[in-house]
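Q: I'll drop the sequence and a predicted model, then ask my questions.
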Amino acid sequence: LKNYYYEDPDYDEGDILANYESTVTGKCSVNVDGGDVNIVRLTNGKTVNEDSQITITGSPKIRTGVLSTTNYSSTPEYVTVTMTACNATIPFIQSATQVYVKNDSKVTLNGLWLAGDLTVDAGSSLKTDEDIVELTGSAVVNGTWEQLFTGATGLDYDTDVAGTMTVGSNGIYICHGSTRVSGDVSSSGMMALMKPSWFEGAYTGTNAELRLPAVVTNYTATDIPLKIGGLSSGTTTVNTVDPADWQTLKKPALGDNYILSKKNTDSPAQGVFVLGNADALADALFLKRMPDANGTNDYYMWQVANGVRVIFDKNGGDTEADPRSMVQDKVVGAVNHFDLPTTNPTRTGYLFNGWNTKADGAGDAFTATTDVKNNMTVYAQWKPDEAYAAVKIAPMNLTVYVGGDGYHGVIGQDGKFAANDLPEIGFYI
C-alpha cells in the first residue's frame, strides 16, 4: 500500500481504513495476511456495528498499530481482533472488545490498550513488553502469556484484569511485574508472579502451580508475594524461584511468608498451598497455615516451617500421585498420620495396589493409620491388569463356514495351524 497524501517518501506506507465517511449498516471487517502497512483501522468514527472484526494472519509488518475506532477513552462494543496463524511484532492493539491469539500464533504486542477480554489458545503465545496491560474484561490463558513490562508505579499494576482470570491445564501466565485480578482466579496450569500481586476475589487451584520469587525481605502488609482477597480452595503447588528468573527454582528460607488468603473459620485448609521445591522438601520444609503476621484476624498466612514429610514415589508409574509429597508440623512427643493422595498414580497395563515402605513390596504397607516419626518415602505397588493380559489360543479344531462350504483347520500347541485346508480368502480368524 502507498499513501501519497503526505507526498513524502518517509510517510508513504499506507493505512487500511475500512470506513472513512460512509454509513455502514452491517458489520465492518478487515483481513490482513502478511504485507507492509502503517495503521489497520475499522472506522474513522467512534462506534462500529455488531460483529465487526479485524483478523491478522501470517507475518505482516505493521508499522504503527491496530485500532478499531477513534474512541480513545473506553473499550468499544462489538469489535473482535483475532491473530490466527500469525507470527508478528505489532506496536499496539487499541480499542477491542475481544482479543484472540490462536492457531499456533506467536505474537509480541508492545502495547495492548482499551481491551476487554483476552484469550490465548493452547499452542499459541503472546508477549506484551512495553506498557501496562489493563483489561476491562476477563483473561483466559490456555497457551502462554508473558507480560515483560515491570514499570508500573504508584497504585498501578503491570497487569490489571477487571474481570476474572482462568489458566487452563496447558496454560502458562508469567508476569515479570505485578498483577491484580479484580474477579475470581481459577488455575489448572502455571502462574509465575514475580512482584507482589493481588487477587481480589476467590482463588481455585486444580493441580495448579504457583511460582513466587524467593523472599528477600520478609513480609510486610504491602509486599507479601501474593494476597488473595477471597477464599482459596483446591490444591496448588508453590515453587519459589530466583527473583531474577522465574525458571530457576530457589530454596525458600525457614520463616519466610508467601501467601495471604481470606479466612472463614477453618477455611482455607492447610493443604490448599503445598511447597514444591525438592531441596526444601528434603529438609522437611513445608508451607504452614499461620495467623496473619500483620496482626489481623481476616486472613490466614502460609509460612515456610519445619516438619516431617512423606514422599509418594510412583515406582515405575506413568503419572504421579497428587499430591506427590506431604509435610506436617512436627510436634514433640506426638505421632503424625498422613492422608493418602487424593489421586493415585497410574501405569499402563497395571492396577495400583497400595503403598509400601520398600519399592519391591518387601517392606510394610503404608496407610492413613501408619505412624510417621521421621521423613520417609513410600512406593506405589502394582499388579498386572488382566484386561491387558495376552490372549492365549488353546489347541482346538476349527471349522470355518464361508459361503456355505466348510473348511477345516487345526491349531497346534504353538498356536499355529497344524493342519489347514482354509483358502486364502483375505481375512483371518
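A: Happy to help now that I have it.

Q: And Asn170, how far from Ala192?
A: Going from Asn170 to Ala192 by C-beta to C-beta, to the nearest Å gives 15 Å. (Glycine included, C-beta is placed from N, CA and C.)

Q: Same drill for those two, tell me which one is more crowded.
A: Ala192 (20 against 15; other C-beta atoms under 10 Å).

Q: Now do the contacts for the more buried one.
A: Residues in contact with Ala192 (C-beta atoms under 8 Å, 6 or more residues apart in numbering) are Ile172, Tyr173, Ile174, Cys175, Leu210, Arg211, Val241, Trp246.

Q: wait, which of those is closest to Leu118?
A: Set against Leu118, the nearest of the contacts of Ala192 by C-beta to C-beta is Tyr173 (10.8 Å).

Q: Quick check: that closest one is in a helix.
A: No - Tyr173: not assigned to a helix; according to DSSP: H, G, I helix; E, B strand; the rest coil it is strand.

Q: residues in contact with it?
A: Ala139, Val141, Thr144, Trp145, Glu146, Met165, Val167, Gly189, Met190, Met191, Ala192.

Q: got it, and Ala88?
A: By C-beta under 8 Å, 6+ apart, Ala88 lies in contact with Ile56, Gly58, Ser59, Pro60, Lys61, Ile62, Val107, Thr108.

Q: Can you tell me the closest non-neighbouring residue to the fifth one?
A: Of all residues not flanking Lys61 in the chain, Asp36 sits nearest, at 4.5 Å (C-beta to C-beta, 6 or more residues apart in numbering).

Q: For Lys227, list each beta-bridge partner.
A: Trp198, Leu260 (DSSP bridges).

Q: wait, Met165
A: With DSSP bridges as the rule, Met165 is bridged to Ala139, Val185.

Q: wait, isn't it in contact with Ser138?
A: Yes - contact criterion C-beta atoms under 8 Å: Met165 and Ser138 qualify, at 6.7 Å.

Q: The biggest strand by length in the chain - contacts with which helices or strands?
A: In the chain, assigned by DSSP state E, the strand with the most residues is strand 299-313. Using 3 or more C-beta pairs under 8 Å, 6 or more residues apart in numbering; DSSP states H and E as the contact test, the elements touching strand 299-313 are strand 257-262, helix 278-282, strand 285-291, strand 325-329, strand 376-384.

Q: Let's have these in JSON lines, adding distance to Val99 and mean neighbour count.
A: Output for the helices and strands packed on strand 299-313, formatted as JSON lines (distance: least, C-beta to C-beta, whole Å; neighbours: other C-beta atoms under 10 Å):
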{"stretch": "strand 257-262", "distance to Val99": "30", "mean neighbour count": "24"}
{"stretch": "helix 278-282", "distance to Val99": "38", "mean neighbour count": "16"}
{"stretch": "strand 285-291", "distance to Val99": "36", "mean neighbour count": "20"}
{"stretch": "strand 325-329", "distance to Val99": "39", "mean neighbour count": "21"}
{"stretch": "strand 376-384", "distance to Val99": "44", "mean neighbour count": "18"}
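
Q: among the ones you listed, which gets the worst mean confidence?
A: Set side by side, the helices and strands packed on strand 299-313 give their lowest mean pLDDT on strand 325-329, at a mean of 80.

Q: for the stretch 1-150 of the chain, which spans come out with low pLDDT?
A: 1-13 (pLDDT under 70).

Q: If we use 50, what do you get?
A: 1-4 (pLDDT under 50).

Q: which residues in it form helices?
A: Taking DSSP state H, counting those that start in this stretch, the stretch 1-150 of the chain contains no helices at all.

Q: Now do the buried residues in stretch 316-333.
A: Of the residues in stretch 316-333, Gly317, Glu320, Ala321, Asp322, Pro323, Arg324, Ser325, Met326, Val327, Gln328, Lys330 count as buried by neighbour count, 16 or more other C-beta atoms under 10 Å.

Q: of the contacts of Tyr173, buried ones?
A: Of the contacts of Tyr173, these count as buried by 16+ other C-beta under 10 Å: Ala139, Val141, Thr144, Trp145, Glu146, Met165, Val167, Gly189, Met190, Met191, Ala192.

Q: The second one against Ser186, yeah?
A: No - checked against C-beta under 8 Å, the pair Val141 and Ser186 is beyond contact range at 11.0 Å.

Q: what sits in contact with each of these two?
A: Residues within reach of Val141 and of Ser186 at once, by C-beta under 8 Å, 6+ apart, are Met165, Thr166, Val167.

Q: Now render those as CSV, adding distance to Thr237 and pLDDT.
A: Below are the shared contacts of Val141 and Ser186 laid out as CSV (distance: C-beta to C-beta, whole Å; pLDDT from 0 to 100):
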residue, distance to Thr237, pLDDT
Met165, 18, 98
Thr166, 18, 98
Val167, 14, 98
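
Q: and which of the residues you listed is nearest to Asp51?
A: Thr166 (24.3 Å).

Q: Tell me how many other residues crowd the residue lying closest to Gly177 once chain neighbours are set aside.
A: Nearest residue to Gly177, sequence neighbours excluded (C-beta to C-beta, 6+ apart): Asp158, at 2.9 Å. For Asp158, the neighbour count with other C-beta under 10 Å is 24.

Q: With Gly234 instead?
A: Gly234: 18 surrounding residues under other C-beta under 10 Å.

Q: Then Pro213?
A: Count around Pro213 with other C-beta under 10 Å applied: 20.

Q: How about the one 3 residues further on?
A: Neighbour count for Val216, taken as other C-beta under 10 Å: 9.

Q: how about it, secondary structure?
A: Going by three-state DSSP: Val216 is coil.
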